[in-house]
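Enquirer: Have a look; sequence and predicted model below, questions after that.
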Amino acid sequence: MRMTRLFFKTMRETPSDAEIISHRLMLRAGLIRKQAAGIYSFMPLGYRVLKKIEGIIREEMDAAGAQELLMPALLPAESYRETGRWDTFGDEMFRLKDRSKRDFCLGPAHEEIFTETVRDCVSSYRDLPLVLYQVQTRYRDELRPRFGTMRSREFIMKDACSFDRDEEGLEASSQAMYRAYRRIFDRIGLKYTVIDADSGTMGGAVSQEFMAWSQAGESVIVRCQKCGYAASMEKARCVAVPKAEAIDPQLPEPVATPGARTIAEVTGLLGCRDTDLAKTILYKADQDLVAAMVRGDREINEAKLMQYLGCDSLEMADEGSVRAVTGAEVGFAGPVDLPVRIIADLELEGGRGFIVGANKTGFHLRHVVSGRDFQAEIADIRMIAADDPCPRCKAALEFGRGIEMGHIIKLGTKYSESKGCIYLDEKGLEHPMVMGCYGIGISRAMVAIIEQHHDENGILWPLNVAPYQAVIVPVNVLDEKQAKVAESLYQELKRRNVEVLLDDRNERAGVKFKDADLIGIPIRVNVGRKAAEGLVEFKLRHEEKARELPYDKAADAVLEAIEIIRT
Ligand SMILES: [Zn+2]
């Protein structure tokens, strides 16, 4: 492609509303164009990258035996009402009505549609296992779209569902997808960790996420360098502290804490540490009121609490309910004589006495011991913290940030049961199909690649996803010799199937070099004054220095570099 013909525009200035580096670079390199908040066009250079990522995904999905189809983005409400997700997606779902006032949505996820498709086409065990996938535009009405195409309202995803006879089949299908995912992320040049994660609104039992390491990531990942354990904050397990302490010999005694409702206020008033306190928080879990307790310096992990309770919804109890059940103002709830189910964190087990709310306005109780002064179910319900050891090997943990690139969720029969997606076995007996789902955010992958591959001058695309592999820059297009050498090299590289740009613009060399670096073309050949002596300059984007070559060796050098970078 000649750059005089290429539809692109780079920017020198940094766009003011772009908070993260990838967003800035995508705008500056002219890869995307903002249409509205969280809605972007992919411009020709950006779209080439997107298609390359898609191409790698397709190759690996096909190689793993999956079959591609394309389902609609405009979907009827009934499909989501049957599984309850018409409600659970809430405001994130883009809803609309057709001219007959029937409800529709723009697909926020397609598990329902995969399930209906297979239900209508498959009835026998002979047709299983089956893995279907699509590359589709997704819609989420994000509360706060940001970071360019990382959290946008319209984005491109590869999603897939597997259908198996039983759990064993699902295990095999998800293993095959796991291997395909590893190959995909390796090929697109990402450094990533696979973590145990919470499956959120998908409702699956077991979930893994592929997280690309990046400071711009929205998820906090916990990782152990020693044994390789990795998990999201929501999922990271806290291990029990040993029960070393003897039972507190003193019995509970009230202490006046007028107006002290928060941990900081109580410790300030009593001159104690926050670790001496245990906080009691009342929740409404589905319809029931429950109390959850953690040490004063800890945070309750609501995902763990929900999992432990097996509830579908969890929210903090309203003030009225707190007053009714504790008989006190908010801020003084405690476990002693509290007439609700109490779940206490592992750290509260043992003989140690804690300071807790007294269920009496303006008072706390001290020397309160779990098991003696109140009965609680002990469970891991808190957020992991910096001082926690690795749950597997007890080594120190590392906290980092990551961008969620893909997920593997074992859905089981949740969708097949609600949709009547069944098969007949050899004996003619009916069973619901056992499902898994597998997503990769394609437009988000582009963000993660740039976050991991850039320098102060621009993007450094891994060769497999670069919009073009090489660029030829005649330093002065008005110089006949330079123009001729550049043109013949351009023709030769095209003939040898290199994806090559020829920067034939009548611009200063500095401008052209800056653009090539900003766009991130991996290989550059400069054709300057020495073209008259038969020499050109050869430079790799990720290397500091250029080297001189006879121009008749330049095409070979480009092809060689492609081979080397590729491997
Ligand atoms: Zn470990």
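Expert: Everything's here; your move.
Enquirer: residues in the protein within reach of the ion, list them.
Expert: Near the ion, the residues belonging to the chain are 224, 226-227, 229, 390, 392-393, 395 when assessed by Cβ under 5 Å from the ion. C-betas here are computed from N, CA, C, even on glycine.
Enquirer: so of those residues, which ones are in strands?
Expert: Assignment to strands by DSSP state E places none of the residues of the chain next to the ion there.
Enquirer: Of those, which is the nearest to Ala109?
Expert: Nearest to Ala109 among those, counting by Cβ to Cβ, is Tyr229 at 29.0 Å.
Enquirer: wait, that closest one sits on Arg392?
Expert: Yes. At 4.5 Å, Tyr229 counts as touching Arg392 under the criterion of Cβ atoms under 8 Å.
Enquirer: Which residue of these two possesses the greater neighbour count?
Expert: Counted by other Cβ atoms under 10 Å, Tyr229 and Arg392 do not tie: Tyr229 has more neighbours, with 19 against 13.
Enquirer: Which pLDDT value belongs to that one?
Expert: In the predicted model, Tyr229 carries a pLDDT score of 90.
Enquirer: can you count the residues close to the residue in the stretch 401-550 of the chain positioned nearest to the ion?
Expert: When scored by Cβ to the ion, the stretch 401-550 of the chain has Gly402 as its residue closest to the ion, at 17.8 Å. When neighbours are counted by other Cβ under 10 Å, Gly402 registers 26.
Enquirer: Isn't it up against Ala216?
Expert: No. Under the contact definition of Cβ under 8 Å, Gly402 does not touch Ala216, with a separation of 9.6 Å.
Enquirer: Now do the same for stretch 68-85: mean pLDDT, whole number.
Expert: Mean pLDDT, taken over the full extent of stretch 68-85, equals 96.
Enquirer: you'd agree Ala328 is in a strand?
Expert: No. For Ala328, which was evaluated using DSSP: H, G, I helix; E, B strand; the rest coil, the result is coil, with no strand membership.
Enquirer: gap between it and the ion?
Expert: For Ala328, the distance to the ion (Cβ to the ion, to the nearest Å) stands at 43 Å.
Enquirer: residues near that residue, how many?
Expert: Per other Cβ under 10 Å, the neighbour tally for Ala328 reads 18.
Enquirer: can you tell me which residues contact it?
Expert: Under the criterion of Cβ atoms under 8 Å, 6 or more residues apart in numbering, the neighbours of Ala328 are 357-361.
Enquirer: Could you do Val447 as well?
Expert: Neighbouring residues of Val447 by Cβ under 8 Å, 6+ apart: 22-23, 26, 147-150, 216, 403.
Enquirer: And the furthest pair within these?
Expert: Distance extremes for these: the farthest pair is Met26 and Ile403 at 14.1 Å, using Cβ to Cβ.
Enquirer: In helices, which of the contacts of Val447 fall?
Expert: Using DSSP state H to define helices, the subset of these located there is 22-23, 26.
Enquirer: List just the nearest of those residues to Ile408.
Expert: Closest to Ile408, out of all of those and judged by Cβ to Cβ, is Ser22, at 24.5 Å.
Enquirer: contacting residues for the residue nearest to the closest one when sequence neighbours are not counted?
Expert: Ranked by Cβ to Cβ, 6 or more residues apart in numbering and with sequence neighbours excluded, the top spatial neighbour of Ser22 is Ile450, at 3.9 Å. Contact criterion Cβ under 8 Å, 6+ apart gives 21-22, 25-26, 459 as the residues in contact with Ile450.
Enquirer: What does Ile450 show for phi and psi?
Expert: Its backbone dihedrals place Ile450 at phi -70, psi -40, with angles given as degrees, to the nearest 10.
Enquirer: Shouldn't Glu19 be within a helix?
Expert: No. Looking at Glu19 with three-state DSSP, it is coil, so not inside a helix.
Enquirer: Quick one: residues contacting it.
Expert: Contacts of Glu19 (Cβ under 8 Å, 6+ apart): 146-147.
Enquirer: so where do the strands sit in the stretch 51-200 of the chain?
Expert: Per DSSP state E, counting those that start in this stretch, the stretch 51-200 of the chain carries strands over the ranges 67-68, 74-76, 94-97, 103-106, 130-139, 154-164, 192-196.
Enquirer: try the stretch 301-450 of the chain
Expert: Listed in chain order, the strands of the stretch 301-450 of the chain (DSSP E, counting those that start in this stretch) span 314-316, 341-345, 353-357, 363-369, 377-379, 398-412, 422-424, 430-432, 434-441.
Enquirer: Which residue, neighbours along the chain excluded, lies closest to Phe89?
Expert: Nearest-residue entry for Phe89: Pro108, 5.5 Å, with adjacent residues in sequence omitted and distances by Cβ to Cβ, 6+ apart.
Enquirer: give the contact list for that neighbour.
Expert: Contacts here follow Cβ under 8 Å, 6+ apart; on that basis Pro108 touches 89, 92-94, 138-140.
Enquirer: rewinding a little: could the ones in helices among the contacts of Val447 go into a markdown table alongside neighbour count and distance to Arg33?
Expert: Written out in a markdown table, the entries for the ones in helices among the contacts of Val447 read as follows (neighbours: other Cβ atoms under 10 Å; distance: Cβ to Cβ, whole Å):
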| residue | neighbour count | distance to Arg33 |
| --- | --- | --- |
| Ser22 | 27 | 15 |
| His23 | 24 | 13 |
| Met26 | 29 | 10 |
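Enquirer: Need those in CSV (columns: pLDDT).
Expert: As requested, the ones in helices among the contacts of Val447 are arranged in CSV below (pLDDT from 0 to 100):
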residue, pLDDT
Ser22, 94
His23, 94
Met26, 95
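Enquirer: between the residues you listed, which is nearest Asp425?
Expert: Of all these, the one sitting nearest Asp425 is Ser22; the distance, using Cβ to Cβ, is 49.3 Å.
Enquirer: my guess is the closest one contacts Arg151, does it?
Expert: No. Between Ser22 and Arg151 there is no contact, the gap being 11.8 Å when judged by Cβ under 8 Å.
Enquirer: what bridges to the most centrally placed residue in the chain?
Expert: Relative to the mean C-alpha position of the chain, the nearest C-alpha, by Cα atoms, centre = their mean, is the one of Glu404, at 1.6 Å. Under the criterion DSSP bridges, Glu404 forms beta bridges with Met211.
Enquirer: circling back to that earlier point, please list only the buried members of the contacts of Pro108.
Expert: Neighbour-count burial within these applies to 89, 93-94, 138-140; the criterion is 16 or more other Cβ atoms under 10 Å.
Enquirer: follow-up on the earlier one: ok, the ones in helices among the contacts of Val447 vs the ion, which is closest?
Expert: Here the nearest of the ones in helices among the contacts of Val447 to the ion, counting by Cβ to the ion, is Ser22; it sits at 30.9 Å.
Enquirer: ok, now which ones touch the closest one?
Expert: Taking Cβ under 8 Å, 6+ apart as the contact definition, Ser22 lies against 147-148, 150, 216, 446-448, 450-451, 454.
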